[in-house]
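1. sequence first, predicted coordinates after that:
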Amino acid sequence: MTGPYPRRRATLAALAAAMTLVASALAGPALEGGAWGEARAASHGGASSLPPVILVLGDSISAAYGLPPGTGWTDLLQERLRERGRAHRVVNASISGDTTAGGRSRLPALLARHKPAIVVIELGGNDGLRGGNLAATRGNLVAMISAARSAGAKVLIVGMKLPPNYGPAYIREFDATYAEVARAQHVPLVPFFFAGFGEDRDWFQPDGIHPTEAAQPRLLDNVWPAIERLLPKR
């Protein structure tokens, strides 16, 4: 993640660790409320009555960390689908602090529960912020793509970038990870979630990492063309 982020690696690592604690604390309730509850209630009418699902598997960026409820880009995605006459229902299974390893472990249950038509994977930023093994990150992304495809879903990967203080070699490897996986697995890629505003601190909360409410439409605009191409032809 570039530009507006704090320049000190220690600060970033500390924040990432803190977000892991948040993830552990929130994992149960976050997944049992909201879209999870709606899916459970709707299931009483039979699986065939449910609209197709777009499952978003992400971290704090897609979990709308620090924002009022209902204002994140996934909420805006639901509104846009409705405006375009699409019946798809967005299930946001994002958790602050999550990593590709966490997403990989959570995905099978999500696939079984929601049977999504499309899976959007927005993970990997926390792997990089912690200086993690990028071979493991690639393996986790490939495993999630394979699991989603085996469940009959189309897949979209949303990429992220790191701040410059992580060193040029690691940054190059991190940047290449998403493109290499997308190319090898033949799945669409949004190269940089913050494209067009990532260098401007005005679009970020005081922590310099999480986009503001005003930035959420820009996040949606960055992913919408790729999502739209995955929707059924009319």
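-> Perfect, thanks for sending it. Owing to the predicted nature of the structure, the values given are computational and were not obtained by experimental measurement.

2. contacts and neighbour counts: CA atoms only from here.
-> Will do.

3. ok, which stretches of the protein are helices?
-> Under the criterion DSSP state H, the chain contains helices at 9-32, 35-42, 73-83, 100-114, 125-129, 134-150, 168-185, 216-230.

4. deepest-packed of the ones you listed, please.
-> helix 125-129 (a mean of 24; mean count of other C-alpha atoms under 10 Å).

5. tell me what that helix is packed against?
-> Contact analysis of helix 125-129 by 3 or more C-alpha pairs under 8 Å, 6 or more residues apart in numbering; DSSP states H and E lists helix 9-32, helix 134-150 as its packing neighbours.

6. lowest average pLDDT across those?
-> Across those, helix 9-32 has the smallest mean pLDDT, namely a mean of 44.

7. point out where this protein drops to low pLDDT.
-> 1-48 (pLDDT under 70).

8. same thing but 80
-> 1-49 (pLDDT under 80).

9. the helices of the chain: which one's closest to Phe192?
-> Phe192 sits nearest to helix 216-230 of all the helices of the chain, at 8.3 Å, using C-alpha to C-alpha.

10. now do that closest one against helix 73-83, angle only.
-> For helix 216-230 against helix 73-83, the angle by axes from the mean of the first three to the mean of the last three C-alpha atoms, to 10 degrees is 50 degrees.

11. just give me how far helix 216-230 sits from the chain centre.
-> Relative to the chain's own centre, helix 216-230 is displaced by 12 Å; criterion: C-alpha atoms, centre = their mean, to the nearest Å.

12. same for that helix, what does it pack against?
-> Secondary elements touching helix 216-230 (3+ C-alpha pairs under 8 Å, 6+ apart): helix 73-83, strand 154-158, strand 189-190.

13. just give the closest residue to Phe194, not the sequence neighbours.
-> Spatial nearest neighbour of Phe194, chain neighbours left out: Leu219 (6.6 Å); criterion: C-alpha to C-alpha, 6 or more residues apart in numbering.

14. now do that neighbour against Ser62, distance only.
-> Separation of Leu219 from Ser62 (C-alpha to C-alpha, to the nearest Å): 9 Å.

15. cool, Arg183 as well?
-> For Arg183 relative to Ser62 (C-alpha to C-alpha), the value is 24 Å.

16. check contacts around the residue nearest to Phe194.
-> Residues in contact with Leu219 (C-alpha atoms under 8 Å, 6 or more residues apart in numbering) are Trp73, Phe193, Phe194.

17. burial count for the second one?
-> Each residue near Phe193 was counted by other C-alpha atoms under 10 Å, and the total is 23.

18. same thing with Gly159?
-> The local packing of Gly159 (other C-alpha under 10 Å) involves 24 other residues.

19. quick thing: my sequence starts at 30, can you match it?
-> Let's use 30 as the start, then, which means that last one is Gly188.

20. go ahead and confirm it touches Phe222.
-> Yes: contact criterion C-alpha atoms under 8 Å: Gly188 and Phe222 qualify, at 5.9 Å.

21. can you tell which of the helices and strands packed on helix 245-259 is closest to Thr128?
-> Of the helices and strands packed on helix 245-259, nearest to Thr128 by C-alpha to C-alpha is strand 183-187, at 13.3 Å.

22. could you find the closest non-adjacent residue to Glu202?
-> Leu163 (7.5 Å).

23. ok, the one you found touching Thr206?
-> Yes: between Leu163 and Thr206 there is a contact under C-alpha under 8 Å: 7.4 Å.
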